[in-house]
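Enquirer: Please work out how this folds:
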Amino acid sequence: MRVLLYDHSGCLNHGCEAIVRTTVNIVEKVFPGSEFGLCSYSPNEDIVLSDIPRLTVKGVEAQPLSLLEKCINIFNVKVRGNYSYYYKAAYSDVAEFAKYYDLCLIIGGDTFCYGNNELCRSLTARFKAMGKKVVLWGCSIGEEDLMPEKLETLRSLDGIFARESLTKAVLENAGIESVQVFCDPAFTLEKTAVDPLVNSDRKMLGINLSPLVAKRSKNLGRAAAELLYYIENKTDYVPLLVPHVIVPGNNDYEFLAAVKKAAKSEKSILLPGNIGAKEYKGYISQTCMFMGARTHSIIGSYSSGVPAFAFGYSIKARGIAKDLFGEELCVRGVDKITCGADMIACFEELCENKDKMKKILDEKIPSAVASAYAAGEALKNIV
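Expert: Take a look at the predicted model:
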């Protein structure tokens, strides 16, 4: 089988790295010896994937239009109000690359969450016109994310694999019936064994926060600094600060470093920003509890059996928690975090529920991993 993965942002987002690694493994179990293509918006970041056999990375970048193409594009935009020709012409090399592949997986879990996703929708239409089977893989989509253009694309797909049941309900309510639910592929990510960061008698609390969620809560940095001070001075936990996305302009490491400085923290440990998804999961697995904003840092925690509090800002955090725990346990919209007291209250809520969560995770994670692998089996019915 020749499988094309597209809408990949780049591996400085370690959630995206985790999705690529685990998707390849899942597909490989069903179709051994498969060849993979990866269409990446940041191919220079993807050298870390060089250990994956039979993977070819293709950069996705707009190509200059010829004079004729420019004229046709101007006509389409000015007269018809249609921008689709531009994407078809500027990314024709991506379509050429895709000719080799039999199955196309849209792997950006948030692909249809933000904006109108015009490039992804254009590529999808092109691949479908070429006779390719196209599946939206491991997605989350909220009701607020839907618009007519997106619905048209979603209806054209050969399969939609949602990573939680709330998305399935949203899509079915919008009249899209062919939705299946499988756990996020990153539940299957193997962790790298890492050296302990603290003595065996010390306990670590993992913390991940990001500039992305800070845009939804203007006081998040100050609140996080107050939480850090509280943890270091009022509890026996050692804070472990875990960056999970280090994209310029959206860099968890820089944000967490600023929080550490604001808290005048001497005890907290800030992980470096230059390690991989499997290493981050290795460190997360050493924590007793975790508080995180990035979805895949939370998935790394859950799948390691570590109770976690999710600072959600979309349907994905709520849906993943609900499917695991039967309720939206220890999830709060980041817009509800207005001060340090709010953040400390989240920590205390996590402490109150940690034993319950730990028991459920120990019971449920094996079936969650099996669910993620079942998505590969479901591809057999599509190809």
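Enquirer: any chance you could map the helices in the stretch 151-300 of the chain?
Expert: Using DSSP state H, counting those that start in this stretch, the helices found in the stretch 151-300 of the chain span residues 165-173, 211-214, 220-234, 252-262, 277-284, 295-302.
Enquirer: what's the average pLDDT for the last one?
Expert: Computed over helix 295-302, the mean pLDDT rounds to 97.
Enquirer: next one: the fifth one
Expert: The predicted model assigns helix 277-284 a mean pLDDT of 97.
Enquirer: Any regions of the stretch 51-200 of the chain where pLDDT drops low?
Expert: Screening the stretch 51-200 of the chain residue by residue with the criterion pLDDT under 70, one finds the ranges 81, 200.
Enquirer: hmm, try it at 50
Expert: Applying pLDDT under 50 to the stretch 51-200 of the chain flags no residue at all.
Enquirer: Residue 121 contacts residue 153, correct?
Expert: Yes. Using Cβ atoms under 8 Å, residue 121 and residue 153 qualify as a contacting pair, with a distance of 4.6 Å. Heads up, the C-betas are built off the backbone N, CA and C, glycines and all.
Enquirer: quick one: stretch 231-246 to chain centroid distance?
Expert: 22 Å (Cα atoms, centre = their mean, to the nearest Å).
Enquirer: I should have written stretch 11-23 there, sorry.
Expert: On the basis of Cα atoms, centre = their mean, stretch 11-23 is displaced by 8 Å from the centre of the chain it belongs to.
Enquirer: Run through who's touching that stretch.
Expert: With Cβ atoms under 8 Å, 6 or more residues apart in numbering as the contact definition, stretch 11-23 has outside contacts at 5, 8-10, 38, 42, 45-46, 48-49, 52, 105, 107-109, 137-138, 184-189, 244-247, 276-278, 280-281, 294-297, 299-300, 372.
Enquirer: again, 7 Å this time
Expert: By Cβ atoms under 7 Å, 6 or more residues apart in numbering, the residues outside stretch 11-23 that reach it are 5, 8-10, 38, 42, 45-46, 48-49, 52, 105, 107, 109, 137-138, 185-186, 188-189, 244-247, 276-277, 280, 294-296.
Enquirer: Kindly report the same for stretch 365-377.
Expert: Applying Cβ under 7 Å, 6+ apart, the contact partners of stretch 365-377 are 26-27, 29-30, 161, 182-185, 187-188, 302-303, 305, 324.
Enquirer: Now the buried members of the residues you listed.
Expert: Neighbour-count burial (16 or more other Cβ atoms under 10 Å) applied to those gives 26-27, 30, 161, 182-185, 187-188, 302-303, 324.
Enquirer: Pick the one among these closest to residue 223.
Expert: Set against residue 223, the nearest of the buried ones among the contacts of stretch 365-377 by Cβ to Cβ is residue 302 (23.6 Å).
Enquirer: Could you report the separation of that closest one from residue 186?
Expert: 10 Å (Cβ to Cβ, to the nearest Å).
Enquirer: returning to that earlier point: closest to residue 74 out of the buried ones among the contacts of stretch 365-377?
Expert: Within the buried ones among the contacts of stretch 365-377, proximity to residue 74 (Cβ to Cβ) peaks at residue 161, which comes in at 39.0 Å.
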